[in-house]
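Sequence and computational prediction follow.
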Amino acid sequence: MSRSLSLPAIAKLNLFLHITGQRADGYHELQSIFQLLDYGDTLHLSSHSSPELTLSCNQPALVNDDNLVLRAARLLQQHTGCRQGAQIQLDKVLPLGGGIGGGSSDAASTLLALNQLWQLGLSQDELAGLGLQLGADVPIFVRGRTAFAEGVGEKITPIELPSCWYLVVTPDCHISTKTIFQHADLPRNTPKVGLDQLMEIDWRNDCQALVCRLYPNVAITLQWLLEYAPSRMTGTGASVFAAFSDRLQAEAALRDMPAFCSGFIARGVSESPALTALTAFR
Ligand SMILES: C[C@](O)(CO)[C@H](O)COP(=O)(O)OP(=O)(O)OC[C@H]1O[C@@H](n2ccc(N)nc2=O)[C@H](O)[C@@H]1O
Ligand SMILES: Nc1ncnc2c1ncn2[C@@H]1O[C@H](COP(=O)(O)OP(=O)(O)OP(=O)(O)O)[C@@H](O)[C@H]1O
C-alpha cells in the first residue's frame, strides 16, 4: 500500500559555539546551544512496495546519490532490512553550506518520515544514532528540541528560551565545515563550563574570527548586521544572525542587506515543526 507524508526540515542556529577539544578520531568536542527555527525545506514522501528510492528537487544539481536524503533512506533500509522504497521530493529553500544545518535537517526528516511510512517502529534514540553516522548535526534535528549540546553535538539537554525573531543572512560564499575544522588556526581549547555559567557570559562562536579572516564577505556582513543588533556567525558559517523582539525591526534590516547576501526571518521555536507534524500524522 502506498502512503504519503510531507514533513518540514527546518534550520538551526548555534547561539554560541565553543570548541572544547578534539577526539582521537579527529572530530571536535563542542558546547553549543542549538536554537531551532520555524523555517526550512519541505520533504514530500510516498512509500511503495519495491525497494527503489527516487529523489526530485527544485535544485536539480542536488539530485545525486550523495544527497543526504538518499543516504538517510538507504541507511534506514540497510539497518532494518526493509524492502520498501520511496519517491521523495525535496523543496529546497535553505542555503547550502550556510551553517544552518540544511542537509542535516533533510536527513533527519527523511529518517523520521520513513520510519513512520515504512512502519519500522525505531525509537528516537535509534534514529538519532543512525543520524550521527550521517553527520554531527543530524541527531539534534531527530530529537527536534532547542537544546544545549555537548560531545560532537549528540549529547542534548532540551532548554526553553524566550521566543524572538531571528534575521539570518548568508553571504555568497560556500564554506566547507571540514576545511574550517581542519584549519591549523582554529582555537580548540575553550574550557568546558556548566550551562548555568554559559547563560551568564557573553556568547561567541570559536570559528568566527578564522572564518572572517578567510572569507572577507562574512566579516563585511557581520559588521553590517552589528549596526542593527548584537550578531554572530552560526556553525562554521557562512550565515550570520541577530535576534529581534519585533519582526518589523528584523524586516527593516533585511531590506538593507548587502547585495551579495540572501536572507530570511524566522521565529525561534522550542519544538521542531517536523516533530509536531509527525505527532499529528500518527
Ligand atoms: C559546526 C556544526 O554545524 C555545529 O553545529 C557541526 O559541528 C557540523 O556538523 P556537520 O555539518 O553535520 O558535520 P559533519 O558532516 O559530521 O562533518 C564534516 C567534517 O567536519 C569535521 N567535524 C565536524 C563536526 C565536529 N564536531 N568536528 C569535526 O571535526 C570533520 O572533519 C568532518 O569530516
Ligand atoms: N539535502 C541536502 N541539502 C543540502 N546540501 C546537501 C544535501 N545533501 C548533501 N548535501 C551537500 O552538503 C553540503 C553542505 O550542505 P549543508 O547545507 O548541510 O551545510 P551547512 O548548512 O554548512 O551544514 P552544517 O550547519 O551542518 O555544517 C552541500 O554543499 C551539498 O554538497
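In hand now; what should we look at? Numbers count the residues shown, from 1 in each chain. Ligands and ions are numbered 1, 2, ... in the order given.

closest point of the chain to ligand 2, which residue?
G103 (2.7 Å; CB to the nearest ligand atom). Glycine gets a C-beta too; all of them are placed from N, C-alpha and C.

can you count the residues close to T279?
As a burial measure, T279 scores 10 neighbours (other CB atoms under 10 Å).

let me fix that: Y228
Counted with other CB under 10 Å, Y228 comes out at 16.

quick one: contacts for it?
Listed by CB atoms under 8 Å, 6 or more residues apart in numbering, the contact set of Y228 reads L167, A242, F244, Q249, A252, A253.

The same query, at a cut-off of 10 Å, please.
The contact partners of Y228, by CB atoms under 10 Å, 6 or more residues apart in numbering, come to L167, A242, F244, Q249, A250, A252, A253, L254, D256.

roughly how far apart are the last one and ligand 1?
Separation of D256 from ligand 1 (CB to the nearest ligand atom, to the nearest Å) stands at 27 Å.

need the contact list for the residue lying closest to that residue once chain neighbours are set aside.
Ranked by CB to CB, 6 or more residues apart in numbering and with sequence neighbours excluded, the top spatial neighbour of D256 is W224, at 7.9 Å. Contacts for W224 (CB under 10 Å, 6+ apart) come out as V169, P171, S231, V240, A253, D256, M257, P258, C261.

Just the buried subset of these, please.
V169, P171, S231, V240, A253, M257, C261 (16 or more other CB atoms under 10 Å).

Looking at those, which is nearest ligand 1?
Nearest to ligand 1 among the buried ones among the contacts of W224, with distances taken as CB to the nearest ligand atom, is V240, at 14.0 Å.

Got the phi and psi for the closest one?
phi -120, psi 160 (degrees, to the nearest 10).

Spell out which residues of the stretch 101-250 of the chain are next to ligand 2.
G101, G102, G103, S104, D106, D137, T177, G235, T236 (CB under 6 Å from any ligand atom).

Give the helix, strand or coil label for the fourth one.
Spelled out, it's S104. helix (DSSP: H, G, I helix; E, B strand; the rest coil).
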